[in-house]
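J.: got a predicted structure plus its sequence, pasted below:
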Amino acid sequence: MKIAIAGTGYVGLSNGLLLAQHNEVVALDIIPEKVEMLQNSLISAIVDANTTRKDFIAESILKRNPKVVGIYRLGMKGGSDNFRSSAIQGIMKRIKSKGIEVIIYEPVFHEEEFFHSKVIKDLNEFKQLSDVIVANRLSSDISDVESKVYTRDLFDND
């Protein structure tokens, strides 16, 4: 849903941020300095938060002392096939920088490698090779190796 917010005072900004979690929100204000400040504070705050989150996830995975980390599906959103801009890339880079091998299970990806990580099409082989499996959401495909799975999907509802 697209929502327009008139005014970025306390009420408008607070409601706009809440609504933006699940909607496309455009905020309007008549004070150009305020608009510019919000665009610059907000964007850098989002970048900082994303960096912190990727660091935390990578550190949590590395605490399990894996030799091989498997990435279960590249699309981080249901139905997505936009692999090139997938958020998992930052986590993969952090893990690989520590000398840990990263493999990927993505049956709809047609190349043999994705950013220098081997793509495996056979799910059973992938599960066997992976010490930790990173998944955006827990799937019935990997429920038999749930003890290996690292996911943010704590309640089975994404």
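T.: Happy to help now that I have it. Just so it is clear, the structure is predicted and the values come from calculations on it, not from any experiment.
J.: contacts and neighbour counts: CA atoms only from here.
T.: OK.
J.: for the lengthiest helix in the chain, the averaged confidence score.
T.: Longest helix in the chain by number of residues (criterion: DSSP state H): helix 32-62. For helix 32-62, mean pLDDT rounds to 81.
J.: beyond it, next helix or strand please.
T.: strand 68-72 (DSSP states H and E).
J.: buried sites along the next helix or strand after that following strand?
T.: Note on strand 68-72: by DSSP H and E, the next helix or strand toward the C-terminus is helix 88-96. For helix 88-96, a neighbour-count test (16 or more other CA atoms under 10 Å) marks 88-92, 94-96 as buried.
J.: returning to what we had before: list the buried residues of the longest helix of the chain.
T.: Buried residues in helix 32-62 (16+ other CA under 10 Å): 35, 54, 57-58, 61-62.
J.: ditto for stretch 11-27
T.: Of all the residues in stretch 11-27, those buried under the rule 16+ other CA under 10 Å are 12-13, 16, 19, 25, 27.
J.: with stretch 138-153 instead?
T.: Across stretch 138-153, burial judged by 16+ other CA under 10 Å covers 138, 142, 148-151.
J.: need the contact list for the nearest residue to Arg94 once chain neighbours are set aside.
T.: In space, and not counting its chain neighbours, Arg94 is closest to Ala58: 6.3 Å by CA to CA, 6 or more residues apart in numbering. Ala58 is in contact with 91-92, 94-95, counting by CA atoms under 8 Å, 6 or more residues apart in numbering.
J.: circling back: now tabulate the buried residues of stretch 11-27 in CSV and tack on secondary structure, distance to Leu123 and pLDDT.
T.: Listed next are those as CSV, based on DSSP: H, G, I helix; E, B strand; the rest coil; distance: CA to CA, whole Å; pLDDT from 0 to 100:
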residue, secondary structure, distance to Leu123, pLDDT
Gly12, helix, 48, 83
Leu13, helix, 46, 80
Gly16, helix, 42, 81
Leu19, helix, 38, 81
Val25, strand, 40, 82
Ala27, strand, 45, 82
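J.: which of those residues sits closest to Lys67?
T.: Nearest to Lys67, judged by CA to CA, of the buried residues of stretch 11-27 is Leu19 at 41.5 Å.
J.: isn't Glu111 right up against Val119?
T.: Yes - Glu111 is within contact range of Val119, at 7.4 Å (criterion: CA atoms under 8 Å).
J.: more neighbours: which of these two?
T.: Using other CA atoms under 10 Å as the criterion, Glu111 and Val119 rank with Val119 on top: 23 against 10.
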